[in-house]
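**Student:** coordinates for the following, if possible.
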Amino acid sequence: MSTRNKKKRIFAAILIIGDEILSGRTQDANTSFLAKWLNERGVQLKEVRIIPDELNTIVSSVNLLRKKYDYLFTTGGIGPTHDDITAFAISKAFKRKYEYNKEAYQILERHYKDSYFNEARKKMAKMPRGAGLIYNPSSSAAGFYVKNVFTLPGVPSILQSMMSFVEQLIIGGEKVYSVTLQVHLPESKIGKDLGKLQKKFKDLSLGSYPFFQSGKIGTALVVRGYSEKRIQECKIILEKILKKIKKS
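**Tutor:** Numbers count the residues shown, from 1 in each chain. From the prediction side, this is the model:
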């Protein structure tokens, strides 16, 4: 592939917003989903932060991460309650007016109808001026995006239902390939050789992850990189190393 046609490497961050995550009341299930979803589309997740529902913290975090990475995904804090301040904070981060989005308002109005469309629910249509909508097929309350920042709900099932719309808005980069080898050996027996192999394959990322299965200690070895050929070369050498260790 020529340099001209080679895809750019694209990086992203996730900003998880919510006191309920930090307190342990709610478990974060969005990071693993988004990491896999992004990787499949050639976007590498490089950083994840969990922060409280505090205005200044959200504003500073958004401004830092949106400049540092190609894409920033925020989750949580766009519901109808008083502590859902993410949309307002992102308005402040971009120095845009926080107001009702006409289309988002109309979608909610049709969904709730009559007296059920109260002030709290109307709040879910407020976002930065000029924001684009991320449509919500699950509960109608739209997410939104401003430049490279995508603001999504914290409820995993709703977030996942909205990703087909996000896919139309992002540009994927060079794909990251990976291969995994599982071996019933402890990390301590592999670590030294793995370190030497990493020095030989500096263009790849080699990781080791211990597990316990059927009463036996094991290690999953993951080789990641942009070249399938190089990964296969590394895999062959790694398999030989593991075979040698098992015999010793």
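**Student:** in the longest helix seen in the chain, what's buried?
**Tutor:** Taking DSSP state H as the criterion, the chain has its longest helix at helix 228-247. If you call a residue buried by 16 or more other C-beta atoms under 10 Å, then helix 228-247 has these buried ones: 231, 234-235, 238, 241-242. Every C-beta, even on glycine, is put in place using the N, C-alpha and C of the backbone.
**Student:** low-scoring stretches of the protein, by residue?
**Tutor:** Along the chain, segments meeting pLDDT under 70 span 1-6.
**Student:** follow-up on the earlier one: using TSV, lay out the buried residues of helix 228-247 together with distance to Lys46.
**Tutor:** Formatted as TSV, these follow (distance: C-beta to C-beta, whole Å):
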residue	distance to Lys46
Ile231	20
Cys234	22
Lys235	25
Leu238	25
Ile241	29
Leu242	29
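**Student:** and which of the residues you listed is nearest Phe150?
**Tutor:** Ile231 (30.1 Å; C-beta to C-beta).
**Student:** need the contact list for the closest one.
**Tutor:** Contacts for Ile231 (C-beta atoms under 8 Å, 6 or more residues apart in numbering) come out as 177-179, 204, 223-225.
**Student:** just the ones in helices from the residues you listed, please.
**Tutor:** Those of these lying in helices (DSSP H): none at all.
**Student:** could I get those residues as JSON lines with neighbour count and distance to Thr57?
**Tutor:** Below are those laid out as JSON lines (neighbours: other C-beta atoms under 10 Å; distance: C-beta to C-beta, whole Å):
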{"residue": "Tyr177", "neighbour count": "16", "distance to Thr57": "36"}
{"residue": "Ser178", "neighbour count": "14", "distance to Thr57": "34"}
{"residue": "Val179", "neighbour count": "15", "distance to Thr57": "39"}
{"residue": "Leu204", "neighbour count": "20", "distance to Thr57": "36"}
{"residue": "Val223", "neighbour count": "23", "distance to Thr57": "37"}
{"residue": "Arg224", "neighbour count": "17", "distance to Thr57": "32"}
{"residue": "Gly225", "neighbour count": "18", "distance to Thr57": "35"}
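**Student:** out of those residues, which comes closest to Phe11?
**Tutor:** So of these, ranked by how close each gets to Phe11 (C-beta to C-beta), first place is Arg224, at 14.3 Å.
**Student:** report the secondary structure state of the residue nearest to the spatial centre of the chain.
**Tutor:** Centrality entry for the chain: nearest residue to the mean C-alpha point is Leu34, 3.9 Å, by C-alpha atoms, centre = their mean. Look at Leu34: counting by DSSP: H, G, I helix; E, B strand; the rest coil, its state is helix.
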